[in-house]
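> Turn this into a structure:
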Amino acid sequence: MADLRSRAWPLLLIVALGVAACTAAKPPPLAPPAPPATAPAAAPVVGASNLIDATNLLAPGAGWECVSGARVADGKVVIEADPAPQEATVFINDYRIRLQPREDIRLSLTLEADARPGLAGIKVWNSLPPPQEAHIWYPNSPQLALGVSGGRAYMALHDGSGPKPVFQQSSKPLAPGPVALVLQRSGNALVLRVGDSEEMRTTVLGPFASGPLHLGASVQPGRTLTMHRLEVTEGSPPRPVEVVPALAARVSRGAVPGLRDAPGAGGKIGVFLTANHLRWNEPYREIGGREFGVFSANDGMPWPQLRPARDRFQFCKLDQLVGFAEANGMRVHAGHLSWDSHNPAWLTEGKFSRDELIAILREHIQTVVGRYRGRVHVWNVTNEVFDYNDSGRLRSANTLWSRGIGPEYIDMAFRWAHEADPQAVLLLNEPDAEGLNPKSNAVYELVKAMRARGVPISGVGMQMHWGARQRVSAVSTAADVAANMKRLGDLGLEVYITEMDVPIREPVTPEKLAAQAQTYREIVGVCLDAANCKALIVWGLYDGDSWFREPRFRGLAAPLLFDEAYRPKPAYRAIADLLNER
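Presented below is the predicted three-dimensional model:
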């Protein structure tokens with residue numbers, strides 16, 4: 001339900017490519033994996049390569065193809081900065097280029113930019129931004145900027161003491177065309193050579209003083225940077241620096257069992273996790289991998305991220321999320337394959353015919369589902385197909401798929417997803433239809449008719465943003481939810497609680513936390529008691545990263561199981577107690 005684009009930080013434009021996963025021994029997959037299938041011929045796909053060579057860090061699979069505004073072609077990386085921003089656009093390539101030097105290093109690159117003022121070049125850090133503090137971290141972190149500015153080679157070093165560089169120098173004017181730069185650390189000296197001549201020398205400062213190295217780029221508005229060569233070696237004789245995954249694949253389960261290991265869990269308790277936090281936030285990563293058996297990979301699914309152009313798919317973030325889940329033995333739930341909201345401009349403004357929209361949607365669904373056949377176990381095939389009220393009407397006016405194709409797109413989407421992966425669980429996902437009310441009645445009638453038509457729908461996703469909105473006339477109770485699950489089960493349908501949170505009306509008090517805990521316990525109990533309820537996913541890990549921090553939810557807070565300091569709340573303990581009683 002949350003608008004995932006609102007999570008983007010103003011100075012950070014990042015996407016990430018997946019990591020190679022190692023298989024966790026426990027718990028076993030909750031659905032038998034199907035053999036991989038070849039995706040239908042479609043638009044080019046940004047894929048993963050398991051081989052990264054530090055002597056060619058521009059190779060496909062090194063992650064540059066996943067940086068916003070970048071393209072990789074003919075062995076070069078071209079990054080075009082948006083002309084609109086007032087400040088330079090800074091990119092971190094935090095897919096796999098995390099270098100672990102052990103000796104003095106040598107960074108060699110050849111780049112090209114026009115002669116206009118402003119830096120176009122690479123940046124090097126020895127850390128990654130703290131979650132939700134990128135705007136503070138960027139100007140103040142230890143970093144090195146190396147590139148071309150105004151037709152001169154340029155180097156600046158920040159030691160982490162503030163936004164002003166402690167070393168900054170430019171070379172003599174350069175000839176037009178590609179420029180070869182070599183930055184060499186030797187003992188306490190840091191030397192930059194341009195071509196065959198030494199241009200700058202300083203003491204070792206900033207990121208080269210300690211820690212792993214993360215590479216990225218910094219490009220002034222409207223400028224284009226072309227990198228022809230980028231390699232990093234160390235020692236003498238030189239050898240490639242070790243490249244390690246940006247995201248640690250497997251987390252420690254620890255001596256104290258999490259919710260996923262409780263006796264009554266049955267693999268049902270899951271969580272929605274975001275890629276940025278998994279890469280940059282160690283407590284978040286450790287708790288997420290330890291506590292939950294189901295992984296909601298919705299962060300990698302919005303069409304603007306997954307298909308930024310009609311002729312290009314970009315699976316960077318989703319690959320990484322699925323890889324993390326696999327490494328930690330988590331069942332993967334992803335979506336949404338179709339949604340009348342949050343689509344890219346090329347799609348919404350394209351003025352496509354009905355046949356063209358059918359072709360685009362079919363290609364999208366079969367490419368995405370086919371790529372993850374046997375790896376993603378559950379898909380939200382459609383999301384929020386009904387009006388946001390209790391009318392029970394399907395959305396039609398001013399919506400993309402409903403208007404452009406007609407309501408039959410719903411049946412089409414399920415059939416196409418089933419063709420791409422016959423073993424996957426396919427859901428219709430909807431908010432405000434958890435209990436018994438006009439909207440849930442309409443959902444029931446729709447899925448009943450779909451079953452009668454032979455549409456391969458597996459079940460219904462109940463979002464369960466409990467108390468977040470009151471768009472329906474009847475406030476649901478746990479008993480209503482149980483009754484709704486039962487009637488869906490009588491149709492042979494499974495139920496998944498896909499986005500549960502229980503916000504508290506401020507101020508947050510012990511009494512309200514206790515009431516929140518009781519709500520979580522009741523709904524988890526309903527799911528455990530219903531044979532057709534296969535999972536309950538909490539919509540976020542901790543209150544510090546909840547979508548209720550957005551201004552539109554003013555007055556609502558603290559909806560999740562862990563507080564802003566990652567401490568388990570009464571709601572967590574209520575669920576743990578219930579699972580241990582089973």
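
> Which pLDDT does the model give P283?
P283 is assigned 89 on the pLDDT scale.

> hang on, I meant F562
Note on F562: pLDDT of 98.

> Could you count how many residues lie near it?
Close neighbours of F562, defined as other CB atoms under 10 Å, add up to 24. The way it works is simple: take the backbone N, C-alpha and C, and place the C-beta from them, glycine included.

> Quick check, it in contact with D545.
No: if you go by CB atoms under 8 Å, F562 and D545 don't touch, sitting 9.7 Å apart.

> what ranges do the strands span in the stretch 51-200 of the chain?
Along the stretch 51-200 of the chain, the segments classed as strands by DSSP state E, counting those that start in this stretch run 70-73, 76-80, 89-92, 98-100, 105-112, 120-125, 143-149, 152-158, 167-173, 179-186, 189-194, 197-203.

> can you tell which of those strands is closest to V455?
Closest approach to V455 among the strands of the stretch 51-200 of the chain is made by strand 70-73 (39.2 Å; CB to CB).

> could you point out the longest helix in this structure?
Ranked by number of residues, the top helix in the chain under DSSP state H is helix 510-529.

> name the helices or strands packed onto that one?
Counting contacts by 3 or more CB pairs under 8 Å, 6 or more residues apart in numbering; DSSP states H and E, helix 510-529 packs against helix 478-490, strand 494-500, strand 504-505, strand 533-538, helix 570-581.

> Quick one: residues in contact with the second one.
Going back to what we said before, that points to strand 494-500. For strand 494-500, contacts defined as CB atoms under 8 Å, 6 or more residues apart in numbering pick out 1-2, 272, 296, 333, 335, 378, 380, 425, 427, 429, 431, 434, 458-466, 485, 488-489, 520, 523, 527, 530, 532-539.

> Just list the residues touching F208, thanks.
Neighbouring residues of F208 by CB under 8 Å, 6+ apart: 105, 124, 126, 144, 185, 190.

> State the phi and psi torsions of it.
Here is the backbone geometry of F208 (degrees, to the nearest 10): phi -80, psi 0.

> From D159, how far off is it?
Note on F208: its distance to D159, by CB to CB, to the nearest Å, is 10 Å.

> just to revisit the earlier point, between the contacts of F208, which is closest to S440?
Set against S440, the nearest of those by CB to CB is N126 (52.6 Å).

> tell me the pLDDT at the closest one?
N126 is assigned a predicted lDDT (pLDDT) of 90.

> what does D490 give?
98.

> Give the burial count for it, as a bare number.
Per other CB under 10 Å, the neighbour tally for D490 reads 10.

> where's it relative to Y444, distance?
Counting by CB to CB, the gap from D490 to Y444 is 10 Å.

> same thing with N389?
Using CB to CB, N389 is found at 17 Å from Y444.

> Looking at these two, which has the bigger crowd around it?
Using other CB under 10 Å, the more surrounded residue of N389 and Y444 is Y444, with 19 against 13.

> Chain neighbours aside, what residue packs nearest to the more buried one?
R487 (6.3 Å; CB to CB, 6 or more residues apart in numbering).

> Repeat that for P178.
Spatial nearest neighbour of P178, excluding adjacent residues (CB to CB, 6+ apart): E112 at 4.5 Å.

> Likewise for P117?
The shortest distance from P117 to any non-neighbouring residue, by CB to CB, 6+ apart, is to G150 (4.5 Å).

> hang on, isn't the one you found packed against A120?
No: contact criterion CB under 8 Å: G150 and A120 do not qualify, at 10.2 Å.

> So if I had to pick from these two, which one is more boxed in?
A120 (25 against 15).

> can you pull the contacts of that one?
Counting by CB under 8 Å, 6+ apart, A120 touches 111, 113-114, 147-149, 218-220, 223-225.

> Where does confidence bottom out across those?
Lowest pLDDT within the contacts of A120 is found at D114 (79).

> what's it sitting at in phi/psi?
Main-chain dihedrals, D114, degrees, to the nearest 10: phi -70, psi 170.

> before we move on, back to that, tell me which of the strands of the stretch 51-200 of the chain sits nearest to N276.
Shortest distance between N276 and these, using CB to CB, is found for strand 89-92: 10.2 Å.

> Pull the distance from the closest one to the chain's centre.
17 Å (CA atoms, centre = their mean, to the nearest Å).

> tell me the mean pLDDT over it?
Average pLDDT, strand 89-92: 80.

> Tell me which residues are up against it.
Applying CB under 8 Å, 6+ apart, the contact partners of strand 89-92 are 11-14, 67-70, 79, 81-82, 123, 125, 128-129, 138, 214-219, 221.

> low-confidence ranges in this structure?
By pLDDT under 70, the low-scoring segments of the chain are 1-52, 95-96, 131-132, 245-249, 255, 397-398, 467-475.

> Walk me through the domains of it.
Residue ranges for each domain of the chain read 55-240, 266-581, as given by automatic domain parsing.

> quick one: secondary structure of P422?
coil (DSSP: H, G, I helix; E, B strand; the rest coil).

> now the one 10 residues further on
Three states are possible here, and by three-state DSSP the one that applies to D432 is coil.

> and it, how many neighbours?
If you count neighbours by other CB under 10 Å, D432 ends up with 25.

> what separates it from N383, distance-wise?
13 Å.

> swap in A189?
Distance of A189 to N383, given as CB to CB: 57 Å.

> Looking at the two, which is more packed in?
Per other CB under 10 Å, whichever of A189 and N383 has more neighbours is N383, with 24 against 12.

> who's in contact with that one?
335-336, 338-339, 429-430.

> Give me the buried subset of those residues.
Buried subset of these (neighbour count, 16 or more other CB atoms under 10 Å): 335-336, 338-339, 429-430.

> And these, which two are furthest apart?
Within these, S338 and E430 form the most distant pair, 13.1 Å apart (CB to CB).

> and I575, what does it touch?
Going by CB under 8 Å, 6+ apart, I575 touches 259, 269, 520-521, 524, 561.

> No further queries at this time; thank you.
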